[in-house]
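Visitor: predicted structure and sequence below. I'll ask about it afterward.
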Amino acid sequence: MKVTIAGCGVVGATIAYELSQVPEFEITVVEAQLSPIQADLRECPSSTGAALGVLMGAISQKEKGRNLRMRLFGIQYYNQLVPELEALTGRSIPFNRQGILMLKFPTDDLTVWHRLVEVRQQQDLPLELWDREQLKSEFPFLEQASAAIYSPSDRQINPVALTQALIEGAKVRGVRFEFGAKVLEMQGNQVQTSKGLIDSDYLVIAAGIGSKEISAIDIRPVLGQAIHLKLPKSLGNHLPVITGDDVHLVPLGNAEYWVGATVEFPTEVGEVLPPDRAMFDAVMKRAIEFCPSLEAGEVMRSWFGLRPRPQGRPAPVIEAIQPNVLLASGHYRNGVLLAPATANEVKKMILN
């Protein structure tokens, strides 16, 4: 069976890698941008390039349901995938296994978190509620927070390194890649691209923002800005991801950190506005308030990307839009986390 995948961000690359394990599939990936292996994804405003790779599973407030199952599936998948993919490709994939620490402040109501800790205990998922004394003992560089939720089973992964390794791994397993080409439409058993026709039994649309052009599903871009800082001195070794008021501090090693990200919605008609400096400054200001050491950081680089958000429906969209066309897009802010479950669902739909 010939399968064509439109899009080679983290979702498309994960689908390609997962489908490559089915010997009966002949897979081609078509990507409008240059090869992510050759080009730094952070130089173009892609959703994968904008992602910080924060994987919130147990610390998510989802108590049950499909979204929680997809989140937990993704984290377990990466726990197994990273060593497998590093051995297959020889590439290093930065993967933080130290968990996620979510800061809480004096005005926050902790009632819902006390309940969630109990729910997670019943689900055999570790989740801890720390008071201020324990928080200051573990991380004395943090200010303002009066409590914290610690989830040791959650993760963070470098999205660009992951995507590059997934492409290399898929190539090893026989997947063909066409970079610098756009998928235009499915015509019978052929996919029309900007560089010609590809014989195909199935088309999987995983092109993020570009999915709207092929599928006509209303997926709109939400801009996000982030920054890479280097501090004079490291905050400590083996740190978890630290998040507070939806601002993430991601340790990278060597006293370097990512801080982000803004959430900047388009106009009512879906037009993308330029990056808002005021919103970027607000994120940095909040990060410095709860971690004052960041103020001394040297800016290594800043960037932005566009995240695909379905209009008027839950994210992501995984469904058949024609008998031989599947849409797997609109993951909004959780593309990295939900990519594995998406790939698994796509594989089942095609096999069935």
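Guide: The structure has been received and is ready for your questions. On a predicted model such as this, the values are computed, not experimentally measured, just so you know.

Visitor: for the chain, which helix is longest?
Guide: As assigned by DSSP state H, the longest helix anywhere in the chain is helix 66-89.

Visitor: which strands or helices does that one pack on?
Guide: The helices and strands touching helix 66-89, judged by 3 or more CB pairs under 8 Å, 6 or more residues apart in numbering; DSSP states H and E, are strand 54-55, strand 155-157, helix 159-172, helix 335-351. For the C-beta atoms, the positions are set from N, CA and C on the backbone; glycine is no exception.

Visitor: tell me which of those lies nearest to residue 47.
Guide: helix 335-351 (5.6 Å; CB to CB).

Visitor: quick one: distance of the closest one to the chain centre.
Guide: 14 Å (CA atoms, centre = their mean, to the nearest Å).

Visitor: tell me the buried residues in it?
Guide: 335-347, 350 (16 or more other CB atoms under 10 Å).

Visitor: what's it packed up against?
Guide: helix 10-19, helix 47-50, strand 54-55, helix 66-89, strand 202-205, strand 317-322, strand 325-329.

Visitor: ok, residues contacting the fifth one?
Guide: Think strand 202-205. Under the criterion CB atoms under 8 Å, 6 or more residues apart in numbering, residues 1-7, 12, 15, 183, 186, 191, 211, 214-215, 321, 324-329, 346, 350 lie in contact with strand 202-205.

Visitor: could you redo the last one with a cut-off of 6 Å?
Guide: If you take CB atoms under 6 Å, 6 or more residues apart in numbering as the criterion, strand 202-205 is touched by 3-6, 186, 191, 211, 214-215, 324-328, 346, 350.

Visitor: same check, this time on the second one
Guide: When contacts are defined by CB under 6 Å, 6+ apart, helix 47-50 is touched by residues 9, 10, 41, 42, 159, 163, 208, 224, 305, 307, 308, 335.

Visitor: the first one now?
Guide: Identification of contacts with helix 10-19 by CB under 6 Å, 6+ apart yields 5, 25, 27, 29, 48, 159, 163, 166-167, 169-170, 175, 206, 335-336, 339-340, 342-343, 346-347.

Visitor: need the buried residues of helix 335-351 in a markdown table with pLDDT and distance to residue 68, can you?
Guide: Formatted as a markdown table, the buried residues of helix 335-351 follow (pLDDT from 0 to 100; distance: CB to CB, whole Å):
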| residue | pLDDT | distance to residue 68 |
| --- | --- | --- |
| 335 | 96 | 17 |
| 336 | 97 | 16 |
| 337 | 98 | 11 |
| 338 | 98 | 11 |
| 339 | 98 | 16 |
| 340 | 98 | 14 |
| 341 | 98 | 11 |
| 342 | 98 | 15 |
| 343 | 98 | 18 |
| 344 | 98 | 15 |
| 345 | 98 | 15 |
| 346 | 98 | 20 |
| 347 | 97 | 21 |
| 350 | 96 | 25 |
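
Visitor: return the member of those residues nearest to residue 145.
Guide: residue 337 (24.2 Å).

Visitor: hmm, the closest one is touching residue 73, no?
Guide: No - taking contacts as CB atoms under 6 Å, residue 337 lies outside contact range of residue 73: 9.5 Å.

Visitor: report the distance from stretch 339-352 to the chain centre.
Guide: Centroid separation for stretch 339-352 versus its chain: 18 Å, with CA atoms, centre = their mean.

Visitor: what of stretch 82-102?
Guide: Distance of stretch 82-102 from the chain centroid (CA atoms, centre = their mean) equals 14 Å.

Visitor: before we move on, what about stretch 145-152?
Guide: Distance, centroid of stretch 145-152 to centroid of chain: 22 Å (CA atoms, centre = their mean).

Visitor: list the buried residues in that stretch.
Guide: 145, 147, 148, 149, 150, 151, 152.

Visitor: show residues contacting that stretch.
Guide: For stretch 145-152, using CB under 6 Å, 6+ apart, the contacting residues are 58-59, 99-106, 113, 126-128, 130-132, 135, 290.

Visitor: may I see the PyMOL selection of the buried members of those residues?
Guide: Applied in PyMOL, the following selects the buried portion of the contacts of stretch 145-152 according to 16+ other CB under 10 Å:
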select buried, resi 58+59+99+100+101+102+103+104+113+127+130+135+290
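
Visitor: now, which of the contacts of stretch 145-152 lie within helices?
Guide: 113, 132, 135, 290.

Visitor: any low-confidence regions in the stretch 201-350 of the chain?
Guide: Scanning the stretch 201-350 of the chain for pLDDT under 70 picks out nothing.

Visitor: all strands for it, in order.
Guide: 202-205, 219-230, 241-244, 247-253, 256-260, 298-310, 317-322, 325-329 (DSSP state E, counting those that start in this stretch).

Visitor: what packs against the fourth one?
Guide: Secondary structure elements in contact with strand 247-253, counted by 3 or more CB pairs under 6 Å, 6 or more residues apart in numbering; DSSP states H and E, are strand 256-260, helix 277-290.

Visitor: out of these, deepest packed?
Guide: strand 256-260 (a mean of 23; mean count of other CB atoms under 10 Å).

Visitor: contacting residues around that one?
Guide: Under CB under 6 Å, 6+ apart, the answer for strand 256-260 is 52, 226, 227, 228, 229, 230, 248, 249, 250, 251, 287.
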